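Q: Sequence and computational prediction follow.
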Amino acid sequence: MKMKLNRFIGAVIIALIGLAGFSSCSEDFPGNVESNQFTDLKAIRIVNAGKSGTEVLEGKIDENKKTISFPRIDTLSDFSNLKFEVETSEGASLENAVYNIPYKSGDAEKEIIIKVLNAPRFKEYKALIRFKVPVYGADFTKPTVFDYSSNPIGNPTYIGWGGQLTRGSGFDGKYVLVVSRGATGIHLLPVEDLKANRLNPIKLNVTGVTGGTYTHNMGAQINGHSYVANLSTAASSPLKIYHWATPTSAPEVIANINVGSIVGAGARHGDNFSLDLDANGNGYAFFISAGVQVMRVKIENYNKVTETISFDTRTTYGQWSSYNHIAGTESYLVTGHDKPIAVLNNAGSVAYTMGATSIPVHSGDPRIVNFNGQRYLLVVTIPRTANTAPDAVMRIYNITAGANVVDALTAFEQGDKKPVYEFSISAATNTAPGTQSGFYVVKDAAGKDQKLMVYGATTDAGFAIVEFPVNVATD
């Protein structure tokens, strides 16, 4: 009894000491400072811009966002001694009237924090200093969205994606290919119709499309050519690739693969289908099995399969994975629904693997996009479980810096890793999220990049196309 009483007394003493400590510490918290010393920023200008140091650039103040923007500044300015003049509340002034803003060749802009003081008060603004250099890439501040996803801002979710019946799709700028197991079947949607909010599906001829666990499951759309793969879940089940040269063509069976005859092949193929062909119809198709096995199919002239082999990767990428070619190189971006993106060659050798937390690890179907002198990474997150975040989001990252993709991803991971654009397709998880991305570059009459179109789709979520204009200097 005495021991219990001593414990109780000790606990009370400790609690009282804690309360006294809290009371003492709370006296150190800053309180509201009553003052009539205001810190309003009414006007701001750079007064020594340009090579001569005499150009004046007026700043535009957004008081709600606490930001300041200036016209683009000549790169021959003295950035070690950039002078600012302001109009402020009475008695207020800048913390610094002169700023040293580091500039190096290739920089497009820098952000600095400008502080207005009027003791005991102060106010901070984020100022964007844009350099007068040629502008490149796309203008991601001016998207035009053609939305047929479950995002509530656009059209209703396209019916072809309901009930987990559509696992595969494709996009080539002219058509969206929909591979549905349901009543809508295999069909094309003209992009020009989608832009005008018209739905005019073109049913593909499916004569002879037979065999497999599912006769059609995945698809790809390239240069006006449509490709569909079936689902093979056993070595005894054939893996087929069908080809339509035009929307009105009869299907060609360009691959009828006896999976059991391919040395080292896994037992399940067709949950994913990565296909890249050049302008002459030459390239590879990849099927990643449920294990480490990858089947590689060589295609020539759009419809001739000349080689089928299997190889292993170090990583099990799983069903919802991709093996996408990086144009102009011998490298590929590879990932799964829960694995970071890696750079591999066409036989599975790893050159680079991104950190698991650099971008959401469930970023699927990654593609390298080259547009107007800049390089981007396009992904669509795969919303399989709550552990991988309940969303399907199309994201674009700028990875221009670097002589090649490995250098670019290395530099990107050393930066802030923020996307330059995001668009949500769905906010729901999905146990079978067949996910696709795609892009198309619209060129003008002179062959210069004019518009960038990107595409994202996920099972049951539908799809969206977003179009961006080329970046243009406005001042």
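A: Perfect, I can see it now.
Q: G224 and F171 touch, don't they?
A: No: using CB atoms under 8 Å, G224 is not in contact with F171, being 12.0 Å away. C-beta: built from backbone N, CA, C; applies to glycine.
Q: Whichever strand or helix holds V86: how far from the chain's middle?
A: When secondary structure is defined using DSSP states H and E, the element that contains V86 is strand 82-88. Put simply, strand 82-88 sits 39 Å off its chain's centre (CA atoms, centre = their mean, to the nearest Å).
Q: and if you look at stretch 391-404?
A: Worked out by CA atoms, centre = their mean, stretch 391-404 lies 6 Å from the chain centre.
Q: do the same with stretch 302-312
A: That offset, for stretch 302-312, works out to 30 Å (CA atoms, centre = their mean).
Q: For that stretch, report the contacting residues that lie outside it.
A: 225, 241, 243, 245, 252, 254-255, 257, 262-266, 277, 281, 292-300, 347-348 (CB atoms under 8 Å, 6 or more residues apart in numbering).
Q: Try it again at 6 Å.
A: 225, 243, 252, 254-255, 257, 262, 264-265, 281, 292-300, 347-348 (CB atoms under 6 Å, 6 or more residues apart in numbering).
Q: same thing with stretch 403-422?
A: Residues contacting stretch 403-422 (CB under 6 Å, 6+ apart): 140, 326, 343, 351-352, 354-355, 358, 393, 395-399, 401-402.
Q: N324 and L333 touch, don't they?
A: Yes: N324 lies in contact with L333 (CB atoms under 6 Å); the separation is 4.9 Å.
Q: So for G224 and F171, which residue has more residues nearby?
A: For G224 versus F171, neighbours defined as other CB atoms under 10 Å are more numerous around F171 (26 against 15).
Q: can you pull up the bridge partners for the more buried one?
A: V176 (DSSP bridges).
Q: Please determine how far it is located from T316.
A: To T316, F171 is 28 Å away according to CB to CB, to the nearest Å.
Q: Helices of the stretch 1-150 of the chain, start to end?
A: 2-26 (DSSP state H, counting those that start in this stretch).
Q: That one: strands as residue ranges?
A: 41-49, 55-58, 60-62, 67-69, 82-88, 93-94, 98-99, 109-118, 121-130, 144-149 (DSSP state E, counting those that start in this stretch).
Q: Throw these into CSV and include mean pLDDT and mean neighbour count, thanks.
A: Listed next are those as CSV, based on pLDDT from 0 to 100; neighbours: other CB atoms under 10 Å:
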stretch, mean pLDDT, mean neighbour count
strand 41-49, 96, 18
strand 55-58, 97, 15
strand 60-62, 96, 14
strand 67-69, 96, 16
strand 82-88, 96, 17
strand 93-94, 94, 16
strand 98-99, 95, 15
strand 109-118, 94, 16
strand 121-130, 94, 17
strand 144-149, 97, 20
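Q: what's the closest non-adjacent residue to the residue most central in space within the chain?
A: Nearest residue to the geometric centre of the chain (CA atoms, centre = their mean): R395, 2.3 Å. With sequence-adjacent residues excluded and distances taken as CB to CB, 6 or more residues apart in numbering, R395 is closest to P419, at 4.4 Å.
Q: Compute the number of surrounding residues for that neighbour.
A: P419 has 18 nearby residues by other CB under 10 Å.
Q: Equivalent analysis for T308, please.
A: 19.
Q: wait, isn't G283 in contact with R296?
A: No: between G283 and R296 no contact is recorded; they are 10.6 Å apart, counting by CB under 6 Å.
Q: what sits up against stretch 71-81?
A: With CB under 6 Å, 6+ apart, stretch 71-81 has contacts from A49, G50, K51, L57, V98, N100, I101, Y103, R130, F131, K132, D475.
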